[in-house]
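Student: below: sequence and its predicted model.
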Amino acid sequence: MMHYDFVFSGFGGQGVLFGSQLLAYAAMEAGLHVTWIPSYGPEMRGGTANCTVVISDQEIGAPVLRRPSAVVAMNYPSVQKYEPLIALGGLLVYNASLVVHPPTRADIRCAPILASEIAAELGNPKLLNVVLLGALLHLTGALPIEIVEHALEAHLPARRREMLDANRRALWKGAEAAQALLAPA
């Protein structure tokens, strides 16, 4: 059985909704069962927003997550909030550019990605969400990046079409950054 449950979290405006929704669309296009639940009330004005995404090859009984297997944290408040909740042996992919104090749990895998720097190198700081998504995909194997690229092409709003190639590069740069974490020192 294939089953992944993720939380995406960050400040409003960091692309929490877009990154998680892109993953959900890609999973649907791959023929999988998906739930996507956003939480973004007053968070859209600068507080912490989050989304849960559950992907499975079986029907999903409960989309509510108490102990997610993986968290994508785009800022330090998100690391603080979700690090204690990650399931034993789970994964924390975080934007090391904005996290002052690294996570402390030894019973989870941590992937510090300099997402803000990578996004800036790509020419747009708003790409950090897609950089982190690329890292998550590489580290979990939830979906091939090519499927997410296809979903990006199909679901990127018309007003953002000029960002298609930059988003593709961001996915691959995130995967490369995650790969570098696994390389010998």
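Tutor: Looks like it arrived, so ask away. Numbers count the residues shown, from 1 in each chain.
Student: what is the neighbour count of Leu17?
Tutor: Residues lying near Leu17 (other CB atoms under 10 Å) number 20. All C-beta spots, glycine's among them, are computed from the backbone N, C-alpha and C.
Student: what sits up against the strand or helix carrying it?
Tutor: Leu17 belongs to helix 16-29 when elements are defined using DSSP states H and E. Helix 16-29 is contacted from outside by 6, 8-10, 34-36, 38, 40, 49-53, 55, 72, 74, 129-130, 132-133, 136, 142-143, 147-148, 150-152, 154-155, using CB atoms under 8 Å, 6 or more residues apart in numbering.
Student: repeat that for stretch 176-185.
Tutor: 93, 111-115, 118, 131, 134-136, 138-139.
Student: what residues sit buried inside stretch 127-146?
Tutor: Using 16 or more other CB atoms under 10 Å as the test for burial, stretch 127-146 gives 127-140, 142-143, 145.
Student: ok, back up a step: select only the buried ones of the contacts of helix 16-29 in PyMOL?
Tutor: In PyMOL syntax, the buried subset of the contacts of helix 16-29 is picked out as below (16+ other CB under 10 Å):
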select buried, resi 6+8+9+10+34+35+36+38+49+50+51+52+53+55+72+74+129+130+132+133+136+142+143+147+148+151+152
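Student: where strands are concerned, which of the contacts of helix 16-29 count?
Tutor: Among those, the members falling in strands (DSSP state E) are 6, 8-10, 34-36, 38, 49-53, 55, 72.
Student: my guess is Asn35 meets Glu59, correct?
Tutor: Not Asn; residue 35 is Thr. No. Between Thr35 and Glu59 there is no contact under CB atoms under 8 Å: 10.4 Å.
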